[in-house]
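> I'd like to go over a predicted model; first the sequence, then the structure.
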Amino acid sequence: MDDVRKQLRDAAAEHRPDRERMLARVERGMERDAAPGASSRGRPLRPAPWLRIAGATAAVAGVLALGGYAVASVVHGDEPPRTVGTPAAAEPPAATQPLAPDAKGVEDGFLWSDGSIDPKSNDFWAQSTLTFKTGNPLTALTVELRVAQTGGVADTGNWRSLPAGDFTVSVREAGGDLVYRWTLKAGRTVPAGKHVFAGQYNHAEGGRDAGDDTYAAEATASGRKAAVRGDFARTS
């Protein structure tokens with residue numbers, strides 16, 4: 001079957017339909033029909049020659065298109081048909097502004113936070129770990145980690161201690177940072193207690209200074225909102 005498809009594809013690429021010759025044949029046939037004595041009494045009246053020529057031109061174009069479609073259909077086999085039309089609306093762009101810019105510190109009401117670099121990080125790879133504690137169940141939660149692009153910083157993964165299916169996760173570059181964001185899905189809740197989020201990434205060889213990295217979180221519990229923001233210890 002692959003050989004047949006290749007032969008058809010090659011033939012389709014080389015084939016150039018002689019459209020002018022086909023039109024000439026159609027027009028000559030019409031001239032014979034329009035010649036004196038060509039019609040007989042009782043035969044239905046034929047449309048005007050110019051109308052027949054226009055119709056014939058459309059018919060020839062349709063035959064050419066149909067022939068090309070048939071060859072393409074055989075060549076492509078079982079591939080699904082493509083639909084040509086207005087493209088789907090683009091997805092809304094991811095937020096690029098830092099989360100909770102007005103947060104006052106690492107603790108706000110029922111929400112407490114901390115940011116640290118995992119001790120297993122090395123000269124080529126690191127993990128930034130965010131720890132949160134909440135005294136109340138959360139009905140909304142968004143967590144953001146911003147890793148400054150200090151050279152060679154590239155995402156290698158992320159995780160959280162809460163169920164993965166409860167969150168929408170995005171990783172992108174924005175404002176010179178590698179940005180991780182976890183957003184609790186509508187209808188899901190976060191129980192009271194301690195929870196961990198982590199972003200993992202490669203970086204340029206050598207000890208990396210995380211002093212320009214930041215994190216933030218916004219949460220809602222029982223209709224009350226809380227926002228926290230923090231950073232990481234700078235390497236001396």
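Great, that's in hand.
> Return the alpha-carbon coordinates of the helix or strand hosting residue 171 using PDB.
If you go by DSSP states H and E, residue 171 is part of strand 167-174. In PDB, the C-alpha atoms belonging to strand 167-174 read as follows (Å, rounded to 0.1, in the frame of the first residue of the first chain):
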ATOM      1  CA  PHE A 167      -4.400  21.800  40.500                       C
ATOM      2  CA  THR A 168      -3.700  23.500  37.200                       C
ATOM      3  CA  VAL A 169       0.000  23.900  36.700                       C
ATOM      4  CA  SER A 170       1.900  26.300  34.400                       C
ATOM      5  CA  VAL A 171       5.600  26.800  33.800                       C
ATOM      6  CA  ARG A 172       6.800  29.800  31.700                       C
ATOM      7  CA  GLU A 173       9.400  32.500  31.400                       C
ATOM      8  CA  ALA A 174       8.400  36.000  32.200                       C
END
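> Can you report how many residues lie near residue 122?
By other Cβ atoms under 10 Å, the residues close to residue 122 number 11. The way it works is simple: take the backbone N, C-alpha and C, and place the C-beta from them, glycine included.
> Need the pLDDT of it.
In this model, residue 122 is scored at 96, pLDDT.
> Report the residue spans of the protein with pLDDT below the cut-off.
Counting by pLDDT under 70, the ranges of the chain that qualify are 1-95, 236.
> now the strands for it?
Taking DSSP state E to define them, one finds strands in the chain at 107-108, 111-117, 125-134, 140-148, 154-160, 167-174, 177-184, 193-202, 214-221, 224-231.
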